[in-house]
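Trainee: Output the structure for:
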Amino acid sequence: MGHSSYENGPKNRARVGAVGIDAITEPEVAEQLARAWHDGRGGMIVTANVDIVRAATRAPELAELVAGAELVVADGMPVVWAARIGGLRVRDRVTGASLIYTLSEVAAREGRSVFLLGGEPGVAETAGEVLAQRYSGLRVAGVYAPPFGFERLAGGMGEIVEKVRAAAPDLVFVGLGFPKQEHVITALRPELPRAWYLGCGAAIPMAAGQFRRAPDGMQRVGGEWLFRLALEPRRLVRRYLRDDLPFALRLLAGAAWHRLAAGRRS
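Mentor: Next up, the predicted model:
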């Protein structure tokens, strides 16, 4: 699965729907980035939440897009639970909202630069300022908020690639939603093969303070989606309640069934 040459590559991945999840912690992700930078190797990180797993399970081309990442982390407790039921020792979820800080910290320590791509106009600038103030020495190579529907505009993707290529960052946070952000990353990788790319969803506006995360206790029991739903009901109610919740329940039931069937065969 994919072209990973890392310790937590295909052999340590558990199938959750059509997605392979890596058993890796957040500090281990940061460690791998630092090591890869020293070795001159880049890579892509997919933060697989229920929404991404659902989309990839329904569309083989999206599953293939995810499989091309060096690291696929479990962003969402249902994904963690399904991976555990499947026999993989996933200790905790690894979210884009948290990785934007962890990876900025390691980038600052390593003297590396970051580029923030996504959010509404002005949001990425604010997030970049917040991160640079928080992590001394962090270089923000650039920010860009692509226009809505950029993927349908002539030259829209080309403009993004040109802006990021000209800035030559070591780490790119791409917060455009799945699968747009992963398509953008796929277009950027040949231009800057030694850079790392994180598809981080709503992490950029979160870092800018546009909205906050759920309390820790709520996150631990898998209730962050309820918190997000309360904050943005109009935008999220259909996706969370009609699409993601039934799929998550089927995902967990399917993982339990496969585990039980495997136990019977052995």
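
Trainee: where do the helices sit along the chain?
Mentor: Secondary structure of the chain by DSSP state H: the helices cover 26-39, 50-58, 60-67, 77-85, 96-109, 123-134, 156-167, 180-188, 203-207, 216-220, 224-231, 233-237, 245-265.

Trainee: Please enumerate residues in contact with the fifth one?
Mentor: Right, helix 96-109. 26-27, 29-30, 33-34, 45, 47, 73, 75, 112-114, 127, 131, 134-138, 170-171, 173, 175, 196, 198-204, 206-207, 213 (C-beta atoms under 8 Å, 6 or more residues apart in numbering). Yep, even glycine has a C-beta here, placed from its N, CA and C like the rest.

Trainee: Restricted to buried residues, select the residues you listed in PyMOL.
Mentor: To isolate the buried members of those in PyMOL, using 16 or more other C-beta atoms under 10 Å:
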select buried, resi 26+29+30+33+34+45+47+73+75+112+113+114+127+131+135+138+170+171+173+175+196+198+199+200+201+202+203+204+206+207+213
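
Trainee: what about this structure, any weak spots by pLDDT?
Mentor: 1-12, 212-245, 247, 255-266 (pLDDT under 70).

Trainee: most centrally placed residue in it?
Mentor: Geometric centre of the chain, nearest residue: residue 47, 2.7 Å, by C-alpha atoms, centre = their mean.

Trainee: That residue contacts residue 95, doesn't it?
Mentor: Yes. Residue 47 is within contact range of residue 95, at 6.3 Å (criterion: C-beta atoms under 8 Å).

Trainee: Give me the common contacts of the two.
Mentor: Counting by C-beta under 8 Å, 6+ apart, the residues touching both residue 47 and residue 95 are residue 75.

Trainee: Residue 39 versus residue 177, what's the distance?
Mentor: 31 Å (C-beta to C-beta, to the nearest Å).

Trainee: List the residues that contact residue 172.
Mentor: If a contact means C-beta under 8 Å, 6+ apart, then residue 172 has 114-115, 117, 164, 185, 188, 192, 195-198 as its contacts.

Trainee: Quick check: it vs residue 16, distance?
Mentor: Counting by C-beta to C-beta, the gap from residue 172 to residue 16 is 26 Å.

Trainee: Check residue 138 too.
Mentor: On the measure of C-beta to C-beta, residue 138 and residue 16 end up 33 Å apart.

Trainee: burial count for residue 31?
Mentor: Residue 31 is flanked by 14 other residues according to other C-beta atoms under 10 Å.

Trainee: correction: residue 191
Mentor: Around residue 191 there are 13 residues (other C-beta under 10 Å).

Trainee: in stretch 178-187, what counts as buried?
Mentor: 178-185.

Trainee: Columns distance to residue 87 on top of those residues, output as TSV?
Mentor: Listed next are the buried residues of stretch 178-187 as TSV, based on distance: C-beta to C-beta, whole Å:
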residue	distance to residue 87
178	26
179	28
180	33
181	30
182	27
183	32
184	34
185	30
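
Trainee: hmm, back to that, among the helices of the chain, which is the most enclosed?
Mentor: Comparing the helices of the chain by mean neighbour count (mean count of other C-beta atoms under 10 Å), helix 203-207 ranks first with a mean of 25.

Trainee: In contact with residue 82, which residues are there?
Mentor: By C-beta under 8 Å, 6+ apart, the neighbours of residue 82 are 16-17, 251-252, 254-255.

Trainee: For residue 152, see how far away the residue nearest to the centre of the chain is.
Mentor: Residue 47 sits 25 Å away from residue 152, taking C-beta to C-beta as the criterion.

Trainee: Show the contacting residues for the closest residue to residue 165 other than its chain neighbours.
Mentor: Excluding the flanking residues, the one nearest residue 165 by C-beta to C-beta, 6 or more residues apart in numbering is residue 191, at 4.5 Å. Residues in contact with residue 191 (C-beta under 8 Å, 6+ apart) are 161, 164-165.
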